[in-house]
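S.K.: Make a model of this:
(2 chains)
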Amino acid sequence: MPSWAPLTAEQLAEQRRGLSEAQLQDRKIVNVNAETVTDVSATDIPGHWGQGQDDSWDLERFRQVLDIKFYQNKPHDAAFSLIGVDASIANAFRRILIAEIPTLAIEDIFVFDNTSIIQDEVLAHRLGLIPLTGGKEGLDRMSWFKKPPPKDDYAAQALYDQDDLAPSASAPNDHNTVVMSLKVECRWATTNEDGRDGKALALDGETDPSVRYVNSNVYAHQLVFEPQGDQTDWFAGDDAIRPMNPDILIAKLRPGQRINLRCHCIKGIGGDHAKFSPVATASYRLLPHINIISPILGNEAKKFQRCFPRGVIDLVPDEESGENKAIVADPMKDTVSRECLRHEEFKGKVKLGRIRDHFIWGVESTGQFESDELFLDSVRLLKAKAEKFKRHLTKVEEGG
Amino acid sequence: MAQETVDEPMEDAPAGAEANDADFVYEKQRLRVLPGSSDTAASFAFEREDHTLGNALRYMIMKNPEVEFCGYSIPHPSEAVMNLRIQTWDGANVNDVLRKGLDDLADLCDVVEDKFTAARDEFNATHPDRTTDKR
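M.R.: The predicted structure is shown next:
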């Protein structure tokens, strides 16, 4: 045990007597100076502040310190503050959200016919990127599919690892593959079928392809879900697998051109391909902190206010001087532009910074799952990782 | 007054459970101890892990006052391996320290999950339109 091991409660109280709450709060601030950023690293490691501060892990203390405030909770966009965790933890959640939570996306495409001007591989890439949605329970029950690599592709063979996969994962079945098909042909509009004669309209000078032709644009909603086996129950009715946004343009056609293909959608992770990422963005920023050290009054206050985005600084009447005084109204709206540090009159009157353990999150789902649920999934996934390596550690210990 | 514990009747397995049983697979060992380790100083190789677990676990282990040093590295970007080095003050076993780190990380996740769920439910109840002007 090192000399700075945690102290008893009395010893600690003795040591901390000299420290005010404000001083402790100061330790949480990342300073944003005119040309430098200082005090970036977290200091809540046992021993960093000597015996005066007990930084060893304490679950109950963490429970008290941790705070979550919601600002918005919509399926496609959640915004909240996660207060009281270290950057390494917050970053783990962010990385898991982007790269490790599985979603369903189009992976294999069998092109029977494609006479459009868009090449097979480009068309396949576009289809892959279409966000899909469907019954959440069914999606959760989907299992992994992993295509065995070609026999002559030695690099892929070396990376192919079947160990943690079920034997059934190498063949498509109703539990690991969703089939969708796209069959469209473009033609001239006719009076019989469409109530307008496209060719006659063209002779009259009509140039709009959507009037002259039928199916000149191919949209995501034209993908047809073909349920297999158990999928008729899992994805019945409103739970059918479908593109999240029906109006995504896939290709443009002209009369006589055809697209006829079948897609196999599988579960995958963002780490393998961005199309599997469940979020458009998942990011955080640190809460800005503006510390006005000495009062800024009158015209200076007005100028000070204009150094910040609207709503950050308020002007309130000051009784002592009889002038308006600048106060911080809402630091969340600040962008920490450092504009105020460029002016001579504010030198030494203001300090800018950010609060190191206050993360303002923005999670924007692509629509397969809800944003708040995705964050919870990332927390559960990190826990599952820890549990997994606890099992593996037991094996290591048994193996000697 | 003491309430008796009553056995809950067993329910039918949900449809599709058999399929999952058939899918049970042996979990490949993804943790190794690198050569040259002792009881108080060891390097562990985590296969298929990266900064996500590496940095989070490094932080949780460093929170333990019995730890003298903890750091992680990814020796080569083309190899999906993360190495974690732990050195402890005298007497503390590295395996115990690693286990405590993993335990603490799992506990932390539970607390975050509970608090997040509570905060969200509270927000949904008080904000029918699910939004505020703040963000």
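
S.K.: how long is stretch A:357-377 end to end?
M.R.: One end of stretch A:357-377 sits 22 Å from the other (Cα to Cα, to the nearest Å).

S.K.: what about the helices in the chain?
M.R.: No chain in the question, so chain A it is. Using DSSP state H, the helices of chain A run over A:9-16, A:21-26, A:59-65, A:87-99, A:120-128, A:136-141, A:154-159, A:191-194, A:198-203, A:209-212, A:231-234, A:298-306, A:371-399.

S.K.: Can you look at chain B instead?
M.R.: Secondary structure of chain B, counting by DSSP H: helices at B:17-22, B:51-62, B:94-126.

S.K.: so what's the residue nearest the centre of chain B up against?
M.R.: When Cα atoms, centre = their mean is applied to chain B, the residue found nearest the centroid is residue B:106 (4.3 Å). Listed by Cβ atoms under 8 Å, 6 or more residues apart in numbering or on different chains, the contact set of residue B:106 reads A:383, A:386, A:387, A:390. Every C-beta, even on glycine, is put in place using the N, C-alpha and C of the backbone.

S.K.: Would you mind measuring from it to residue A:383?
M.R.: Residue B:106 is 5 Å from residue A:383, where distance means Cβ to Cβ, to the nearest Å.

S.K.: re earlier: dump the helices of chain A to a markdown table, plus distance to residue B:55.
M.R.: Below are the helices of chain A laid out as a markdown table (distance: least, Cβ to Cβ, whole Å):
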| stretch | distance to residue B:55 |
| --- | --- |
| helix A:9-16 | 29 |
| helix A:21-26 | 25 |
| helix A:59-65 | 18 |
| helix A:87-99 | 4 |
| helix A:120-128 | 31 |
| helix A:136-141 | 28 |
| helix A:154-159 | 25 |
| helix A:191-194 | 60 |
| helix A:198-203 | 61 |
| helix A:209-212 | 52 |
| helix A:231-234 | 37 |
| helix A:298-306 | 38 |
| helix A:371-399 | 11 |
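
S.K.: Next one: the longest strand belonging to chain A, is it in contact with chain B?
M.R.: Ordering each strand of chain A by length in residues (DSSP state E) puts strand A:350-365 first. Yes - contact between strand A:350-365 and chain B is present through A:360, A:362 (criterion: Cβ under 8 Å from any Cβ of the partner chain).

S.K.: if we can go back for a sec, among the helices of chain B, which is the most enclosed?
M.R.: Comparing the helices of chain B by mean neighbour count (mean count of other Cβ atoms under 10 Å in any protein chain shown), helix B:51-62 ranks first with a mean of 24.

S.K.: Specify the angle between that one and helix B:94-126 in degrees.
M.R.: Here helix B:51-62 points in a direction 110 degrees away from that of helix B:94-126 (axes from the mean of the first three to the mean of the last three Cα atoms, to 10 degrees).

S.K.: quick one: helix B:51-62 near chain A?
M.R.: Yes - with Cβ under 8 Å from any Cβ as the criterion, chain A is reached by helix B:51-62 at B:51, B:52, B:53, B:55, B:56, B:57, B:58, B:59, B:60, B:62.

S.K.: Let me know the closest of those to residue A:179.
M.R.: Using Cβ to Cβ, residue B:52 is the member of the residues of helix B:51-62 next to chain A that lies nearest residue A:179, at 32.9 Å.

S.K.: follow-up on the earlier one: so which of the helices of chain A comes closest to residue B:76?
M.R.: helix A:154-159 (14.2 Å).

S.K.: From the rest of the structure, what touches that closest one?
M.R.: By Cβ under 8 Å, 6+ apart, helix A:154-159 touches A:149, A:150, A:151.

S.K.: Give me the distance from it to the chain's centre.
M.R.: 31 Å (Cα atoms, centre = their mean, to the nearest Å).

S.K.: could you give me the average pLDDT of it?
M.R.: Mean per-residue pLDDT for helix A:154-159: 81.

S.K.: Look up the closest residue to residue B:119, ignoring the ones flanking it.
M.R.: For residue B:119, ignoring the flanking residues on the chain, the nearest one in space by Cβ to Cβ, 6 or more residues apart in numbering or on different chains is residue A:68 at 3.9 Å.

S.K.: any shared contact partners between residue B:106 and residue A:383?
M.R.: Contacts common to residue B:106 and residue A:383, judged by Cβ under 8 Å, 6+ apart, are absent.

S.K.: Residue A:365 is in contact with residue A:244, correct?
M.R.: No - taking contacts as Cβ atoms under 8 Å, residue A:244 lies outside contact range of residue A:365: 9.3 Å.

S.K.: any idea how far residue A:266 is from residue A:103?
M.R.: Residue A:103 is 10 Å from residue A:266, by Cβ to Cβ.

S.K.: Please apply the same query to residue A:70.
M.R.: On the measure of Cβ to Cβ, residue A:70 and residue A:266 end up 34 Å apart.

S.K.: So for the two, which residue has more residues nearby?
M.R.: Using other Cβ atoms under 10 Å in any protein chain shown as the criterion, residue A:70 and residue A:266 rank with residue A:70 on top: 25 against 22.

S.K.: quick one, what contacts that one?
M.R.: A:78, A:79, A:80, B:119, B:120, B:122, B:123, B:127.

S.K.: partner residues bridging it?
M.R.: residue A:80 (DSSP bridges).

S.K.: neighbours around the residue nearest to residue B:113 when sequence neighbours are not counted, how many?
M.R.: Excluding the flanking residues, the one nearest residue B:113 by Cβ to Cβ, 6+ apart is residue A:379, at 4.9 Å. Applying other Cβ under 10 Å, we find 23 residues neighbouring residue A:379.

S.K.: per-residue confidence for residue A:379?
M.R.: pLDDT, residue A:379: 98.

S.K.: Report how many residues lie close to the nearest residue to residue B:74 once chain neighbours are set aside.
M.R.: Among residues not flanking residue B:74 along the chain, residue B:82 sits closest, at 5.4 Å (Cβ to Cβ, 6+ apart). Number of residues near residue B:82 (other Cβ under 10 Å) recorded here: 23.

S.K.: how near is residue B:82 to residue B:94?
M.R.: Applying Cβ to Cβ to residue B:82 and residue B:94 gives a distance of 16 Å.

S.K.: need the contact list for the residue lying closest to residue A:73 once chain neighbours are set aside.
M.R.: Of all residues not flanking residue A:73 in the chain, residue B:130 sits nearest, at 4.9 Å (Cβ to Cβ, 6+ apart). Residues near residue B:130 by Cβ under 8 Å, 6+ apart: A:72, A:73, A:74, B:123, B:124.

S.K.: so how far is residue B:118 from residue B:130?
M.R.: Distance from residue B:130 to residue B:118, by Cβ to Cβ: 16 Å.

S.K.: With residue A:198 instead?
M.R.: With Cβ to Cβ as the criterion, residue A:198 and residue B:118 are 60 Å apart.

S.K.: Report pLDDT for residue 15.
M.R.: Just going to use chain A. 62.

S.K.: other chain: chain B
M.R.: pLDDT, residue B:15: 50.

S.K.: same question, the one 5 residues further on
M.R.: What the model reports for residue B:20 is a pLDDT of 49.
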